[in-house]
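Chemist: Below: sequence and its predicted model.
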Amino acid sequence: MKPLKSRRERVAQKEGLSPGTLVHVGERKTETVRITVVDYDENNFLEKEVAAVEDCFPFRDTATVTWINIDGVHDPLIVEKLGTHFGLHPLIQEDIMNTTQRPKLEDMGETLYIVARMLEFDETAVEVGTDQLSLIVGRNFIISFQERPGDEFGPVRERIRRGKGRIRKAGPDYLAYALLDAVVDHYFVILERLGERVELLEDELVSDPKKETLHEIHILKREMIFLRKSVWPLREVVAGLERSDSELMQESTNVFLRDLYDHTIQVIDNVETFRDMLSGMLETYLSSISNRMNEVMKVLTIISTIFIPLTFIAGIYGMNFENIPEVHWRLGYFAVLGLMIVIGLIMAAFFKRKKWF
Amino acid sequence: MKPLKSRRERVAQKEGLSPGTLVHVGERKTETVRITVVDYDENNFLEKEVAAVEDCFPFRDTATVTWINIDGVHDPLIVEKLGTHFGLHPLIQEDIMNTTQRPKLEDMGETLYIVARMLEFDETAVEVGTDQLSLIVGRNFIISFQERPGDEFGPVRERIRRGKGRIRKAGPDYLAYALLDAVVDHYFVILERLGERVELLEDELVSDPKKETLHEIHILKREMIFLRKSVWPLREVVAGLERSDSELMQESTNVFLRDLYDHTIQVIDNVETFRDMLSGMLETYLSSISNRMNEVMKVLTIISTIFIPLTFIAGIYGMNFENIPEVHWRLGYFAVLGLMIVIGLIMAAFFKRKKWF
Amino acid sequence: MKPLKSRRERVAQKEGLSPGTLVHVGERKTETVRITVVDYDENNFLEKEVAAVEDCFPFRDTATVTWINIDGVHDPLIVEKLGTHFGLHPLIQEDIMNTTQRPKLEDMGETLYIVARMLEFDETAVEVGTDQLSLIVGRNFIISFQERPGDEFGPVRERIRRGKGRIRKAGPDYLAYALLDAVVDHYFVILERLGERVELLEDELVSDPKKETLHEIHILKREMIFLRKSVWPLREVVAGLERSDSELMQESTNVFLRDLYDHTIQVIDNVETFRDMLSGMLETYLSSISNRMNEVMKVLTIISTIFIPLTFIAGIYGMNFENIPEVHWRLGYFAVLGLMIVIGLIMAAFFKRKKWF
Amino acid sequence: MKPLKSRRERVAQKEGLSPGTLVHVGERKTETVRITVVDYDENNFLEKEVAAVEDCFPFRDTATVTWINIDGVHDPLIVEKLGTHFGLHPLIQEDIMNTTQRPKLEDMGETLYIVARMLEFDETAVEVGTDQLSLIVGRNFIISFQERPGDEFGPVRERIRRGKGRIRKAGPDYLAYALLDAVVDHYFVILERLGERVELLEDELVSDPKKETLHEIHILKREMIFLRKSVWPLREVVAGLERSDSELMQESTNVFLRDLYDHTIQVIDNVETFRDMLSGMLETYLSSISNRMNEVMKVLTIISTIFIPLTFIAGIYGMNFENIPEVHWRLGYFAVLGLMIVIGLIMAAFFKRKKWF
Amino acid sequence: MKPLKSRRERVAQKEGLSPGTLVHVGERKTETVRITVVDYDENNFLEKEVAAVEDCFPFRDTATVTWINIDGVHDPLIVEKLGTHFGLHPLIQEDIMNTTQRPKLEDMGETLYIVARMLEFDETAVEVGTDQLSLIVGRNFIISFQERPGDEFGPVRERIRRGKGRIRKAGPDYLAYALLDAVVDHYFVILERLGERVELLEDELVSDPKKETLHEIHILKREMIFLRKSVWPLREVVAGLERSDSELMQESTNVFLRDLYDHTIQVIDNVETFRDMLSGMLETYLSSISNRMNEVMKVLTIISTIFIPLTFIAGIYGMNFENIPEVHWRLGYFAVLGLMIVIGLIMAAFFKRKKWF
C-alpha cells in the first residue's frame, strides 16, 4: 500500500528535525509547481496561471474572493513564500508539505487550515490512491494545495466561470464548502466502483468460488480499511466547521455544511456496510470451501467403501491355495460375481439412505 | 442489492453539479406524478386528487390542517414549484429528489424536514426494498413525498376520514407522528416475515443443513445489515423531534413521540437479536459441516483400515512363488480365512472402543 | 422462540390502528381475569379478591396504600375501566395490553408507569419464557398487571400480611421497589439454572463432546441473547427511578433502589460472563472436532501408508509372467516376506518419529 | 467455577426475603469468627484480639484511629451488633454477609461502604478464587470484613506497628487506601503467575501443541473473564473515592488514590492484553492443527497416488486370461518393472514440483 | 515478552511496601548513573556531565532553562536527593524508579510529572522493547529520567546547541514538547519497520504461505497489542497537557501540542490499521490452508476413484476359479483392457465436468 511507502521516506528525512522545518514528505516529484489564480465577485471574474508565486500576492488585499490553487507541494520555497505573505504558522507550512496528514481542522485565528484526502481508484491494481488537499481559508481568499495536477474541482471552476448559482455571491467559506463537497462527491464514485466489484464477487461466490475470489475479498477488505481511515476524520472536520465560531464562517453556509455532513456520514455508512458484507462473504467463502471438501471426501469414501471390500473378495479367490473348494464349483465364479453385486448394492443403499448422493 | 444500483445513477448524474440543483436520483420512472390533498379540522374534511401542482397552493393559507401527498419525486418541476411556494430551501428540494438519503431531521425554522425510509419485503427475492419518505411539516400543512404510489398510510387516511380518535383534533405535528408511526409499524411486519424465515432456517439447521441453508443465512444477514442502516438513524430522528424546541411541535405530541421512540428501539433490538442469532446459526452450520465431515472420514477410515490389511494378506497368497509352504497345507485356505476374520474383528473392536461407531 | 410468535399476532392485529386503541397482543387467553386487592398501612391490613373491576375503585381515595393486582391483560374492558378511573393515558393502556414491551419507565406526572419482564425457565424445552409486568405507581396505590396467574410476589404478600419489616410503614414507591426486587431476585434463580447447564456442558466438552453438545451450546447462547434483551433496559429503568424527581418517589427509597441497581448490574455481568464462556466453549468444541478429525486421519494414513506398498509388492509377484526369476528361487517367498516386514517396520518407525502414535 | 456454586446457595436462601434480612451467602463456614482491633495514632499503638464483638464498641468514640478486622461474615449476630452500634444501614449489613457483591462504593453520609474482591490463585486447579472485602470507613474507625482468616494485610499491619511512614500520622481514609492498595498489589502477583502460564503455553504452542494446550488456553481465557469482572468495577470505586466530596476523605489522600487508580488501570490493561494474547494463541493453535492435518493428508496422498496405479498394473498382469501376449515375452516382467519405476518417478517428480515434500 | 519479566521482579520486591518507598523495578542494572546538564537561554549555553547529583542543584534557581538528564533510575539515592531538592512527591519518586508505568500526566502544582514510553525495535527478535521516560517539568527546569544511556534526543540537543529555531527562546514547556515529539517521531520509525514486515508477509501470503508465515503473523499481532498499550494512553497525556491550566504551560506551546496530538493519533491509526490488516491476513492464511487441503484431497480422490474400480476388475480376472468363461476368450484380455480404458475415461470426464482439474 502506497501510504506505507511514503511514510518510510518521511521517517528517514524528518526524525530529529525542528518542528516547522519544511521538508517534503511523499513521492518524489520533479515537475514544476503549477499555480493558478481565480479571482471573482458577483460581477467580476478573472482566471489566470501565474509563473511565479509572487504574482499572486497582490490578490491578498483585494475585496474580491481569490482562490489560489497550487498543484505540487514538493517545493519548500513556494510554500514558505506563500506562508510568509499570507501569515501561515510554520507548523501549517510543514503539514502542507507532509502529505501523510489525517483530515483535520485547525483554527489559526486569521485563517482556517483544513486537511482532506482526495481519493483516486486505480481499477487495474484494485487500489485506492490518495492525495492530500490542504485548504487555507482566509478573510477573502482561499489557498488550496494539491500533490499533483488533475483534480475533481473542474465543475466548481466551471460554476464560478458561468457565474450561475450561489457561488459567485458567496464568500471564501462557501468556496471551501464547494471544494470539500466535490471531494466527498468523488468518494461516492469510488464507493460505486468498489460496490460493483463487491457485487461481482458476491455473484462469483454463489456461482463459482475460486482461489482468486478469496484474494479479491482480502484486497477489498484492505481497501475498505484504508478508505475508512480517510473518511472517518473528515466527518469531524465538517462538524467542526459547522460548529465553529470563527468569523471566517458565515451563518448562511451552515445549512450547506450540514448537508455535506450528511454526505460524509452516508459515505461512512456505506463503507461500514461494505465491510460487513465482505466479512459475511469471507465466512460464506470459507463455508463453501468446507462444503466442497465434504463433496470431495464423499466421492472418495463412496468409491473406496464400495470397491475395497469387493477387491478383497477378488483377492481371496486369487490366492493360490491348492485346496479352495469354491474354486472348483461350476458356478463359483458367477456366485462370487453375484455376491459382489449384492454387496455393492447394499453399500450404495447405505449411502443413499445417509443422503450422501 | 438495489441501493447500490440507484447510487450508481446518482454519481453519473450528480458529480460536479451545483448544490441545490434538482436532479432525480433513483430508479428511472415515467409514470405521471399523483398529487392528493387531504384537508381537515375537527369539523371539516375534504379529500381530493389534484391534476396540477398549483391546485394545492391555496391550501397553504387555510386555518385547517392540509396534507399534500405526492407519489413520485422524479419531476423536478413539481418539486421546484412546491418548494418555491412553500418556502423550501433548495438543498431540501434536492434531498427530496435524491432518494438515497439516510433518515434525518432538519429544522429549517418555518418548516421541519424529515426523511424516513419505508421498507417493503420482496418474499420471492428475499430482499428488503426501500422507498424514501420525505415529510415537510409546516405550521398548518404537511407535504409528504413518496417514490411510488401504494403506501402504508391507508389506515391513517381512514382515521382522518372517519374523524375518530385524536387525529382530527390535533395539528400537523400529530399527523407527522401518525405517518412515522405507520412506517415503523410496517417495520414490525417485515421483521416478522424475516423472523419466520430465521425460525425456518433454524429448524432446517437442526434437521437437515444444506448448502442452500448457508446461502440463505448469508442473504438474511445481508438484509439485516441493510435494515439496520435504515432504522438506526430513525431513532435519532424521533428523539430529535421529541427534544425539539421548534414551535411546530406541540407539547402534547411528545408522549406519542416517546411511544414511537420506544417502538424504534424495539425494532433495533429485534434486528440486533436476529443478527446475533444468524451469527450463531452460521457458527452452528460450520460446526455441523465439520461434524459431518468427521462422519464421512470415519466411514472411510473404518472400511479402509479393516480391508486394506486383509487384502494384503490375500495378496501374499496370490503370489506365484513356487515354494510357498502354506499353499500346500490342506486347511491353509481355511486357516487364512480364519486369520482374516480374527484380524477384522480385532479392528472392529478397536474402533468400537474408540467410539467411532 | 416464543417472542417471535407473539409478535406475529401483534402485526396482524395492530397495523393501521389508531394509537391508543386497546388490542391485546400476546398469546390468546380465555381465562377470566383475576383481580386481587391488598390494602394496608402500618396498622391496618385487608386482602381480598374482587369479582368486578369496579369493586376496587373505592380504594383509590383511601389514605392507605392499595395494591391492585390484575392477572390477565387480554380484556380491553377491564383495562379501559381501570385506566379511566385511575387516569391512565390511552397509550399506557395500550402498552399494558401489548405484552411485547421493552422494560421502560414513563413519568406521567400523576403516575409512574413501569414495565419489567418476569422470566420463567422451562427446564425441558431449555427455553426462557417471559411475562410482561406493568406497574402503575400512584400517590397511594399501585396497580400491577401480569399476563397470567402465578407470580413471584408470594413472599412480598407474605411480608405485607405479617407486617414485619419496613414494607407496611412505607409508601407505594417502596412496594414498587419490593416487586421489582422480587422480579430481579428471580433472575438469579434462572441464571443459576442456566449456569448449572453451562457447567454441565463444560464438563461434557472435556470428557466427551457430542453433536448434542454443540446444539445445546447454540440454544444456551440464544437464550442468553434473549435474557440480555430483557435485563439490559431494566437497568436504565431502575437508574431512572433513582434519579427521578417525581413526587411519588420518596428520598428514603433511593438507598433500596441503589441496591436493586447493583443487583441488575450483577445480573447483566453474569449474563455477559456466560456469553463469553459459551463463546469460548464453542471455540473449544470446534477445536476438539478438528483434533478428532486429525486422529481419524492419522489412523487411516498409517494403515494405508504401511499396507499399500506391501500390497503392491505382493501384486508384483502375483503377476503371471512366465519369466520372473525370483519366483523360482527356493527362498524367494521368505525373502519377500522378510522384505515386507522390513518395509513395514521402517514405515512404523517413520510415523513413530513423527509422533503420530 | 466457584462463584456459580456460591450463587446457587444464595438463590435457595434469599429469594423472597425482605431486603435487609441478614443471611450469609457463600460457602458454608463453621469456624468461629475472629475479631482483631488495631488502635493507633502518631504516638500510641494498641493491637489485640477480642473475644466478643462488644469488646470493640468502646473504640468507636476514641480520638485515635481504630481498625476493627473481622475474619468471617457467616454469623448474622456479630454483623448485626456491629451494624447497630456503628450505625450501618440494614442493606449494608446484608451486603456484608452476601459474599457475591460486585466491587462498589456507597456513600452513606456518616460512613463510606466499600466492597472489593481479594483474589487468590490456586496453582494446581488453575483457578482464581475470590474473597469479598467489605470496608466501613467512619470518622475515626475502619471496619474490615473478610470471608476467612489469612489476608494480604500483613505488611500494612507491620507498617502500623513500626510506626514508620505516613500511616500512623494519617486518618482512616489513608488506611482504607492502604488496604485497597494491598489488594491491588496482590492482583499483580496473580497476573504474574497467570502471565508465566501464558508464556509457557506460548512456547508449547510453537514447539509442540497438544490437546492439553487447547484445554489450558480455554481455562486461562475463562479465568481472565473472571478476573476482569472483579477488577473493572474496582476502577470506578477508586475513581469515586477520589472524586468523592465526603468529609471522610481528606484532600491529602487524593494523590495516593490517583496512584492507586493508575495501578487498577494497569491491571485492567494487563488483563486485556492477556485476553488478546490468548485469543491470538487460540487462532494459532487452530491453524497449526489445520497445518498438521495438511501434512498427514499429504503423506497419505503421496503414498496412495504413487502405489495405487502401480498396483493396478500389477493387477493387470495377475489376470488369468489365456491370451495375454506380454506374459510370454522373455523380458516382459522386467519391462513392466521398468514401466512401474518410471511411473513412480514421474509421480514423485510431480509432487516435488508441487512442493509437497 | 519483556514487560512480563520486569513485572515479575516488581511483585517479589514491592508487595507490602509502604507507598512512596523507593525500590527499583525493572531489569537489574549495575552501570553507574550518568547525569548531564544542559543550561541555556537565548544567549547563553552550557552543557556538561556532572559527577555527583549535588552538582546540578545550583541550576534550580538560575533564570535560564536547565535540562537535567539522568540515564539510569536504579539508584534510589540519586532519585531521592533530586526529589528532595526539587520538591518531588514521594509517590512520583517511586513511579520514576518503577519502570512499568503507563504513560500518564500528573499535575503536582509546582511541577508536572509526565511518563512516556520510548520504544526500540529489535529486528532479529522481532520484538518491541520499551524504556520508561519520566519528565519533571518545573518553572525553569526539566528533569528527564531514562532507564539506560542512548536515546532519541540527540537531535533535540543539537538544536539547543546550535541555537537555531524556537527552542532557545522558549521555556521548559517547549522543551518537554520537543522531547515528547522526538519520542513520537521514533514511533513512526518503528511503525515503518513493522510495516515493511507486514508488507513482506503479505507478499509471502500470496506467493507461498508457509508455517513460518503463520508464526510471524502471530508475533506481529502480539507486538501490535503491545505497541497499542504504549501509545493509547500517550494520546490522553498530550491532550491533557494542551487542556492543562497549569501555569507551567505557556499558551504559545499549545499549537505545537496540538500538532503532537495529531501525530499520536496518526500512530494509533496506523497501529489499528496494521491490526486489521494482520487479522485479515490470518483469515486469508487459514483460507489458503483450507484451499490447499482441498487440492491435496482432490488429487487423492481422483487417483483413487479412477484406479480402485479398475484394480477391482483386474482382481476379478485374477481369481483362480476353474470356470471363468471370459478367461478363455481369445480377445478377453484386450476386451477387458478396453473396458478399463473406457471406465477410466468416463471417470476423468466426470471429474472434468465437476471442474476438479
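Modeler: Yep, that arrived. Residues are numbered from 1 along each chain as shown, chains lettered A, B, ... in the order given.
Chemist: Closest residue of the stretch 201-350 of chain A to chain E?
Modeler: A:A314 (3.2 Å; CB to the nearest CB). Bear in mind the C-beta positions are built from the backbone N, C-alpha and C, glycine included.
Chemist: State the number of residues packed around the closest residue to that residue other than its chain neighbours.
Modeler: Leaving aside its sequence neighbours, A:A314 sits nearest to E:G315 (CB to CB, 6 or more residues apart in numbering or on different chains; 3.2 Å). Neighbours of E:G315 under the rule other CB atoms under 10 Å in any protein chain shown: 30.
Chemist: Remind me which helix or strand E:G315 belongs to.
Modeler: In the assignment (DSSP states H and E), E:G315 maps to helix E:254-317.
Chemist: So for that helix, mean pLDDT?
Modeler: Averaged across helix E:254-317, the pLDDT comes to 89.
Chemist: Now the following helix or strand past it: buried residues?
Modeler: Sequence order places helix E:325-328 as the next helix or strand after helix E:254-317, per DSSP H and E. Neighbour-count burial for helix E:325-328, with 16 or more other CB atoms under 10 Å in any protein chain shown as criterion, is recorded at E:326-327.
Chemist: nearest residue to A:A182 other than its sequence neighbours?
Modeler: Setting aside the residues directly before and after it, A:A182 is nearest to A:E152 in space (CB to CB, 6+ apart), at 4.9 Å.
Chemist: was I right about that neighbour contacting A:D185?
Modeler: Yes. A:E152 is within contact range of A:D185, at 7.4 Å (criterion: CB atoms under 8 Å).
Chemist: wait, A:S244 sits on A:D107?
Modeler: Yes. Counting by CB under 8 Å, A:S244 touches A:D107, with 6.5 Å between them.
Chemist: Run through the residues of chain A sitting next to chain D.
Modeler: A:G318 (CB under 8 Å from any CB of the partner chain).
Chemist: Can you show me the strands along chain A?
Modeler: In chain A, the segments counted as strands under DSSP state E are A:34-40, A:45-50, A:65-71, A:104-107, A:112-122, A:127-137, A:141-146.
Chemist: isn't A:L278 right up against A:L220?
Modeler: Yes. A:L278 lies in contact with A:L220 (CB under 8 Å); the separation is 5.7 Å.
Chemist: Figure out which of the strands of chain A is closest to B:M293.
Modeler: When these are compared by CB to CB, strand A:127-137 sits nearest B:M293, at 37.5 Å.
Chemist: Pairing partners for that closest one, with directions?
Modeler: If you go by DSSP bridges, strand A:127-137 pairs up with strand A:112-122 (antiparallel), strand A:141-146 (antiparallel).
Chemist: Can you tell me which of these is packed in deepest?
Modeler: Scoring the strands paired with strand A:127-137 by mean neighbour count under mean count of other CB atoms under 10 Å in any protein chain shown gives strand A:141-146 as the most buried, with a mean of 23.
Chemist: Next, the angle strand A:34-40 makes with it.
Modeler: Using axes from the mean of the first three to the mean of the last three CA atoms, to 10 degrees, one finds that strand A:141-146 and strand A:34-40 are set 150 degrees apart in direction.
Chemist: The residue of the stretch 201-350 of chain A closest to chain E: what's it in contact with?
Modeler: The contact partners of A:A314, by CB atoms under 8 Å, 6 or more residues apart in numbering or on different chains, come to A:336, A:340, E:312, E:315-316, E:318-319.
Chemist: in chain A, which ranges drop under the pLDDT threshold?
Modeler: A:1-16, A:28-30 (pLDDT under 70).
Chemist: Is there a neighbour count for the residue in chain A positioned nearest to chain B? I'd like the number.
Modeler: Nearest to chain B, among the residues of chain A, is A:P155, at 2.7 Å (CB to the nearest CB). Applying other CB under 10 Å, we find 16 other residues in the vicinity of A:P155.
Chemist: That one and A:I114: what is the separation?
Modeler: Per CB to CB, to the nearest Å, A:P155 is found 19 Å from A:I114.
Chemist: same question, A:R330
Modeler: Taking CB to CB, one finds A:R330 at 101 Å from A:I114.
Chemist: what do you get for A:G87?
Modeler: Relative to A:I114, and taking CB to CB, A:G87 is found at 16 Å.
Chemist: same question, A:S246
Modeler: 11 Å.
Chemist: if we can go back for a sec, so who does the residue nearest to A:A314 touch?
Modeler: Applying CB under 8 Å, 6+ apart, the residues near E:G315 are A:310-311, A:314-315, A:318, D:315, D:318.
Chemist: Let's see that with 6 Å instead.
Modeler: Shown in contact with E:G315 (CB atoms under 6 Å, 6 or more residues apart in numbering or on different chains): A:311, A:314-315, D:315.
Chemist: closest to C:L175 among the residues you listed?
Modeler: Using CB to CB, the contacts of E:G315 come closest to C:L175 at A:T311, 82.2 Å.
Chemist: so the closest one makes contact with E:I313?
Modeler: No. If you go by CB atoms under 6 Å, A:T311 and E:I313 don't touch, sitting 9.4 Å apart.
Chemist: Looking at those two, which is more packed in?
Modeler: Neighbours were counted for A:T311 and for E:I313 using other CB under 10 Å; A:T311 has more, 29 against 22.
Chemist: Tell me how far the spatially closest residue to that one that is not a sequence neighbour lies from E:I324.
Modeler: Spatial nearest neighbour of A:T311, chain neighbours left out: E:F312 (4.6 Å); criterion: CB to CB, 6+ apart. Separation of E:F312 from E:I324 (CB to CB): 15 Å.
Chemist: for A:F274, same thing?
Modeler: 67 Å.
Chemist: Check A:E326 too.
Modeler: Per CB to CB, A:E326 is found 12 Å from E:I324.
Chemist: Please apply the same query to A:L119.
Modeler: 77 Å.
Chemist: And for A:Y187?
Modeler: A:Y187 is 78 Å from E:I324, where distance means CB to CB.
Chemist: Compare the two and say which one has the larger neighbour count.
Modeler: Neighbour count, other CB under 10 Å: between A:Y187 and E:I324, A:Y187 has more, with 26 against 22.
Chemist: In this model A:I268 seems to touch that one, though I could be wrong.
Modeler: No. With contact defined as CB under 6 Å, A:Y187 and A:I268 do not form a contacting pair (9.7 Å).
Chemist: which residue sits closest to A:L300, ignoring its sequence neighbours?
Modeler: Distances taken as CB to CB, 6+ apart place E:T301 nearest to A:L300, at 4.1 Å, with adjacent residues excluded.
Chemist: list the contacts for that neighbour?
Modeler: Contacts of E:T301 by CB under 6 Å, 6+ apart are A:296, A:299-300.
Chemist: can you rerun that using 8 Å?
Modeler: E:T301 neighbours (CB under 8 Å, 6+ apart): A:296-297, A:299-300, E:356.
Chemist: gap between the residue of the stretch 251-357 of chain A found nearest chain C and B:T32?
Modeler: Residue of the stretch 251-357 of chain A nearest chain C, by CB to the nearest CB: A:G318 (6.8 Å). Counting by CB to CB, the gap between A:G318 and B:T32 amounts to 86 Å.
Chemist: neighbour-wise, which of the two wins?
Modeler: A:G318 (27 against 11).
Chemist: so how far is stretch A:277-286 from its chain's centroid?
Modeler: Using CA atoms, centre = their mean, to the nearest Å, the mean C-alpha position of stretch A:277-286 is found 19 Å from that of the whole chain.
Chemist: Is chain B within reach of that stretch?
Modeler: Yes. Stretch A:277-286 is in contact with chain B by CB under 8 Å from any CB, via A:277, A:280-281, A:283-284, A:286.
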